[in-house]
Structures are given as C-alpha cells and as structure tokens.
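Turn this into a model:
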Amino acid sequence: MQKERLISLDVFRGFTILLMTIVNNPGSWSHIYPPLEHADWNGCTPTDLVFPFFIFIMGTAIPFAMPSKLLDYAVFNKILVRSLRIFCLGLFLNFFSRIEVLSLEGIPLLIARLIITFAVAYALLGNFTLKIKSYLVFLLLAILLFLAYSGIPAYEDVRIPGVLQRIGIVYFFSSLLYLKTNLKTQLVIASIILLVYWALMTLIPVPGFGPANLEKGTNLAAWIDNLVLNGHLWASSKTWDPEGILSTLPAIASGILGMYIGQILNKPIEKLEIVKKTAIAGIILLILGLIWGIFFPINKSLWSSSYVLYTAGIASLCLTLLYYIIDVADYKRWTKLFLVWGVNPMIVFFFSGIIPRALSAIKIENPNGTSEPINLQKFIYDFNIVPLFSDPLNASLFYALGYAVFWSLILWGFYKYKLFFKV
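Down below sits the predicted model:
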C-alpha cells in the first residue's frame, strides 16, 4: 500500500519545476539576470540547483512509493518500464524539430509533428496495463534509436543524452538499490561512487589530451562521451555532453542521498525529531561539498562529487524547512500554486519544451518590412513585450514569468479536475 503523499515534497517539486520553466524560457537568451543563468564552468548559481533538486526529489519519493521493499519480476519490470518511459520522453524532445513527414514543410509539417507528439505523449503517459506500457515503450525506444543511427540526414546528429534521460537512468538504479540494500549500504555505495568518480576524473590520463584535467572538452568524461556518442552530443559543444555517460555515475549518488532523506522522513518517529535529523544531514552534506570543492570544484557540467554533496545539502535544508512549515506547523494555505505544479511534473517538463519549439517553427511576415520572415515566438517577444520595458533584462524576465503564468492556469485546471499524468 502506497503511503499518503507528503505535501512538503510535492511543494518542493512544484517550486523546482516552476523555477525550471522560468529559467528555460527567457524572452531572449542574450538578456538574462545572472541568478537565472548557469555558471560558465565551475561554481553554482540558483539555476544550477534545479536539475540536482529534481534527482534528489525523485530519490526522496522512492521510499514513499515503495514501502514494502519487495523486488520480484513484476516490480522490476515496473521500474524498468517507468525508467524507459522517462528516458523516451526526453529522447523524443531531441527529435521533435528533426521529424520529417514525406515532403511536408511549414505549417503542415508542424501539424504532423504535433500529431506525432501527442501520440508519443499518450503512449508514454497513458494509464495502460504494464504489459501494454512495456510493448509501447520498447517499440518507441527501438524506433528512436534506429532513426538516430540509420544514417538519415535529419537524424544523424540528434542528441541522445538529456535531462529526462539522466533522470530515467538514475531512477532505475536508485530504485533497485533501495529495494535490495539497507540504508547503511546505500550510503556506502554513494560514497564509493563519489570517490571512484573523483579518482577517474583527477588521476586517469585522457587519451589524446595528456594528464587528467577538469577543463571543458578535454577531461575524461568528455573523451568517453565523444568516443561512445560521437555525433549525438549536445549541439553547443558537439564533443562532450553535460548529461553524458560518465557524469551520470555521480548523479546516481544524488538519487541515493535523496533516498536517504526520504527514509528519514518515512520513519515512525516524532516530526520534530525528523526535522532535526534532516537538518543535520543537510548541514553536513553542505559543508562536505564545500570542503571537497577546494580539491574537486563544484561543477554542474561535470556533476562533480563536491557538486553532488553541496546540492544535496541545500536540497535537504530546503525540504527540511518546507517540512517544518507545512507538515509540522501545519501552515498550508500558501501551498496551492506549488502543489498544482508538483503533482504534474512530467506533463510540464515535456510540453513546456515542445511549445517553444512549435512557436519557433511558425514563420510569419516580419513587421519591420524585411523579406526575412520571423518566427512566432520572436514576434510575440520583440513586438509585444520588448516595447513595454526600457531594460531588456526585465523584458526577458517578464516573458519567462508570463510563460509560467500560462502553465499555472493549465495546471490549475488539471488539478481542479483531478487530471494527473504519470509515467
């Protein structure tokens, strides 16, 4: 029997997905307030907390979703299918703008892409039997991977890694570890992962580049990405990926640390004692992350071991504060906005990525009178929002906040009519 939902965890998830929507959808990528940008390399901004918070929250939720700790064939298959559904949602996002249908162009092609998108979303988010879910996800995964490696020009450099892909992988391994090991073993495994990753990144020479290093494109993780996924990496780098293969290993440790906090929250002890334990854990993780950061810099793109501890510490303290306010002090009146975001994260993550792509595919006549058409997203921003502000930073932020309001209204409707979409 699944335990009653922890409201503070849903609120934390909702805040995180809301922040993600804002930072991922500025009016202009050239005009962003510094806290809403990723650190250029080493360091950690508020935006760099979003992804590890997602993984931490996912890990925290596992003990609540699997209270019996029973692992048999049916449970294993359920975990595998859910992991692959998350993975395929992310992979399809990378395919959306590449889809070709016969010789269609312009709006007819966009309509065809959207029809395919809704079919894929239904297949991956629909409430089917486990058997049907299995058939659908394996079929879709096979199609996407076939297209990626088919040699068809439209798909020959489509990106394979991604945020949801990493979340799916981490969910799979974290869930199995939770079901097959105790808390002490999980923490030992997380420690080993972080130490091994540190040793690999700082001690192993990089073929073709020389001694171990932690620089862009020349470190061991980048070399492995380019070796295994050559041609299918992040478009901005092409030779390495921030959600690459080796750096997914420490992300599993992020999931395990989330599970650790989840198991504390799930203990049948006094709530104030839970607050004390999670707060102490958060402070220890934060301090360890800062200390390790002196030797292995805090770095999101590398998902460095110090970054794992540092972000898990902040996440633990944030969740502790929310748990105290909501579940201990019982002050919940302010939570509805974040709840509507927190109970439907996957539908937001997927379609909040599709909508900007769709708007950018719609070309209209440029009001400036130039022969070059303008896409609909740029038209909305340049001619309806920018004129309202003297500071382009404020215009860009206003667009992002407007997009968040748009999604808030949609999610409020879903919440009101009890429409919850799960993988």
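
And the spatially most central residue of the chain, how far from residue 244?
Geometric centre of the chain, nearest residue: residue 163, 4.3 Å, by Cα atoms, centre = their mean. Going from residue 163 to residue 244 by Cβ to Cβ, to the nearest Å gives 12 Å. Where you see a C-beta, it was placed from the backbone N, CA and C, and this is true even at glycine.

next one: residue 200
According to Cβ to Cβ, residue 200 stands 13 Å off from residue 244.

Kindly report the same for residue 119.
On the measure of Cβ to Cβ, residue 119 and residue 244 end up 30 Å apart.

Comparing the two, which residue is more hemmed in?
Of the pair residue 119 and residue 244, residue 244 is the one with more neighbours under other Cβ atoms under 10 Å, namely 24 against 11.

quick one: contacts for the residue nearest to that one when sequence neighbours are not counted?
Leaving aside its chain neighbours, residue 244 sits nearest to residue 225 (3.9 Å; criterion: Cβ to Cβ, 6 or more residues apart in numbering). Residue 225 is in contact with 161, 233, 239, 240, 241, 244, 245, 246, counting by Cβ atoms under 8 Å, 6 or more residues apart in numbering.

just to revisit the earlier point, test for you: state the pLDDT assigned to the residue nearest to the centre of the chain.
Residue 163 carries a pLDDT score of 96 in this model.

My read is that it contacts residue 89, right?
No. The pair residue 163 and residue 89 fails to qualify as a contact (Cβ atoms under 8 Å) at a distance of 10.1 Å.

Now the common contact residues for these two.
Listed as contacting both residue 163 and residue 89 by Cβ under 8 Å, 6+ apart are residue 349.

Tell me, how many residues neighbour residue 142?
For residue 142, the tally of surrounding residues (other Cβ under 10 Å) stands at 10.

Report pLDDT for it.
97.

Mind telling me what element it is part of?
In the assignment (DSSP states H and E), residue 142 maps to helix 130-148.

Show me what that helix is packed up against.
Secondary-structure packing of helix 130-148 (3 or more Cβ pairs under 8 Å, 6 or more residues apart in numbering; DSSP states H and E): helix 73-95, helix 106-125.

Kindly recompute the last result at 6 Å.
helix 73-95 (3 or more Cβ pairs under 6 Å, 6 or more residues apart in numbering; DSSP states H and E).

Tell me what angle the helix it packs on forms with helix 106-125.
Using axes from the mean of the first three to the mean of the last three Cα atoms, to 10 degrees, one finds that helix 73-95 and helix 106-125 are set 170 degrees apart in direction.

any idea how far helix 73-95 is from the chain center?
Its chain's C-alpha centre and that of helix 73-95 lie 14 Å apart, by Cα atoms, centre = their mean, to the nearest Å.

Quick one: mean pLDDT over it.
The average pLDDT for helix 73-95 rounds to 96.

how far away is residue 123 from residue 317?
Residue 123 sits 39 Å away from residue 317, going by Cβ to Cβ.

what bits of the stretch 1-150 of the chain have low per-residue confidence?
1-4 (pLDDT under 70).

try 90
1-5, 67-70, 103 (pLDDT under 90).

what do you get for the stretch 201-350 of the chain?
Scanning the stretch 201-350 of the chain for pLDDT under 90 picks out 235-239.

got the residue ranges for the helices in it?
Ranges of helices in the stretch 201-350 of the chain, per DSSP state H, counting those that start in this stretch, are 220-228, 248-265, 271-292, 305-323, 336-342, 345-361.

And the fifth one, what does it pack against?
Think helix 336-342. Using 3+ Cβ pairs under 6 Å, 6+ apart: helix 336-342 touches helix 7-24, helix 392-416.

Highest neighbour count among the contacts of residue 225?
Within the contacts of residue 225, neighbour counts (other Cβ under 10 Å) peak at residue 241, which reaches 27 neighbours.

Quick check: the gap between residue 360 and residue 172.
Counting by Cβ to Cβ, the separation of residue 360 from residue 172 is 33 Å.

between these two, who's got more neighbours?
For residue 360 versus residue 172, the count of surrounding residues by other Cβ under 10 Å is larger for residue 172: 20 against 14.

check contacts around the more buried one.
Residues near residue 172 by Cβ atoms under 6 Å, 6 or more residues apart in numbering: residue 83.

any idea which element it lies in?
Using DSSP H and E, residue 172 sits within helix 163-180.

May I have that helix exported as PDB, CA atoms only?
The C-alpha trace of helix 163-180 is given here as PDB (Å, rounded to 0.1, in the frame of the first residue of the first chain):
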ATOM      1  CA  VAL A 163      17.900  15.800 -18.600                       C
ATOM      2  CA  LEU A 164      15.000  13.300 -18.600                       C
ATOM      3  CA  GLN A 165      17.300  10.600 -19.900                       C
ATOM      4  CA  ARG A 166      19.500  11.000 -16.900                       C
ATOM      5  CA  ILE A 167      16.600  11.100 -14.500                       C
ATOM      6  CA  GLY A 168      15.300   7.800 -16.000                       C
ATOM      7  CA  ILE A 169      18.700   6.100 -15.600                       C
ATOM      8  CA  VAL A 170      19.100   7.400 -12.000                       C
ATOM      9  CA  TYR A 171      15.600   6.300 -11.100                       C
ATOM     10  CA  PHE A 172      16.300   2.800 -12.300                       C
ATOM     11  CA  PHE A 173      19.400   2.200 -10.300                       C
ATOM     12  CA  SER A 174      18.300   4.100  -7.200                       C
ATOM     13  CA  SER A 175      15.100   2.100  -7.000                       C
ATOM     14  CA  LEU A 176      16.900  -1.200  -7.300                       C
ATOM     15  CA  LEU A 177      19.400  -0.200  -4.700                       C
ATOM     16  CA  TYR A 178      16.600   0.900  -2.300                       C
ATOM     17  CA  LEU A 179      14.800  -2.400  -2.700                       C
ATOM     18  CA  LYS A 180      17.900  -4.600  -2.400                       C
END
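
tell me the angle it makes with helix 345-361.
170 degrees.

Setting the sequence-adjacent residues aside, check what's closest to residue 374.
Nearest one to residue 374, counting by Cβ to Cβ, 6+ apart, is residue 366 at 4.5 Å.

isn't that neighbour right next to residue 376, touching?
No. Residue 366 is beyond contact range of residue 376, at 11.7 Å (criterion: Cβ atoms under 6 Å).

This completes my enquiry, with thanks.
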